[in-house]
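> sequence-free structure coming up:
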Ligand SMILES: Cc1ncc(COP(=O)(O)OP(=O)(O)O)c(N)n1
Ligand SMILES: Cc1nc(C(=O)O)sc1CCOP(=O)(O)O
Ligand SMILES: [Mg+2]
């Protein structure tokens with residue numbers, strides 16, 4: 001896996017893909033510099049999610065871009081992807097780690113300082129995620145921190161930090177400057193007319209942290 005693999009984190013949502021197959025958007029986004037992809041398909045059936053994951057895994061084969069599954073430990077295992085993203089209502093971290101083993105990436109969403117500090121108990125968390133700004137994409141996301149709060153979170157956590165929520169071309173640089181190790185986006189890439197170009201432009205906002 002590449003150093004700085006968290007830099008430009010695409011989280012998918014087929015419903016926002018303007019009718020295009022999610023794998024086409026992923027492929028274009030990776031051409032544009034996306035460094036990690038999470039399949040987040042909240043409305044897909046288990047069978048559909050499984051088949052999308054197989055297709056996206058094939059597309060990412062040989063690119064060095066890890067594939068992460070949102071929420072679904074069973075699908076992460078069945079497709080043997082690189083990792084799993086869990087939040088505070090999902091499988092507890094230590095159970096997911098025990099089942100997936102030491103070599104998989106596991107990222108954990110933290111909605112407040114207590115949850116960030118709780119994750120500091122574990123050496124092997126690969127990253128934590130916090131909310132940057134308000135977003136239309138996830139109705140339940142209601143804890144935006146802004147750049148100052150992202151910087152504060154970075155100082156509280158001992159793990160790499162990903163910021164997500166309302167990140168677009170116009171504000172990606174300020175979140176990157178707030179010492180986030182990665183910025184995660186859904187709509188900015190999934191709903192872009194040209195996802196490759198959208199990823200390229202975002203990548204350029206990340207400055208020196210992108211050195212490989
Ligand atoms: C990179 C990243 N950060 C945060 C989330 C949100 O996870 P969660 O709180 O479990 O909410 P859902 O995505 O499951 O609705 C994420 N998926 N990815
Ligand atoms: C999946 C997700 N999680 C969030 C959180 O705050 O935990 S915000 C979010 C959606 C982000 O979408 P967009 O880039 O379109 O704003
Ligand atoms: Mg979740």
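Sure thing, it's come through. Given the structure is predicted, the values throughout are model-derived calculations rather than measurements. Ligands and ions are numbered 1, 2, ... in the order given.

> Pick out the residue of this structure closest to ligand 1.
residue 87 (2.0 Å; C-beta to the nearest ligand atom). In this view, the C-beta of every residue, glycine as well, is placed from N, C-alpha and C.

> and that residue, how many residues sit next to it?
Residue 87 has 16 neighbours, counted by other C-beta atoms under 10 Å.

> What parts of the protein come near ligand 1?
Residues of the chain that fall close to ligand 1, judged by C-beta under 6 Å from any ligand atom: 9, 11, 38, 40, 70-71, 85, 87, 90, 107, 109, 129, 138, 162, 164, 184.

> Could you identify the pair within those residues that is furthest apart?
9 and 90 (17.5 Å; C-beta to C-beta).

> more neighbours, those two?
Shown here are residue 9 and residue 90; by other C-beta under 10 Å, residue 9 has more neighbours (29 against 17).

> Measure how far the host helix or strand of residue 10 is from the centre of its chain, please.
Assigned by DSSP states H and E, residue 10 belongs to strand 8-11. Mean-position distance between strand 8-11 and its chain equals 5 Å (C-alpha atoms, centre = their mean, to the nearest Å).

> Mind giving me the packing neighbours of it?
Packing contacts for strand 8-11, counted by 3 or more C-beta pairs under 8 Å, 6 or more residues apart in numbering; DSSP states H and E, involve strand 36-39, strand 161-164, strand 182-185, helix 195-205.
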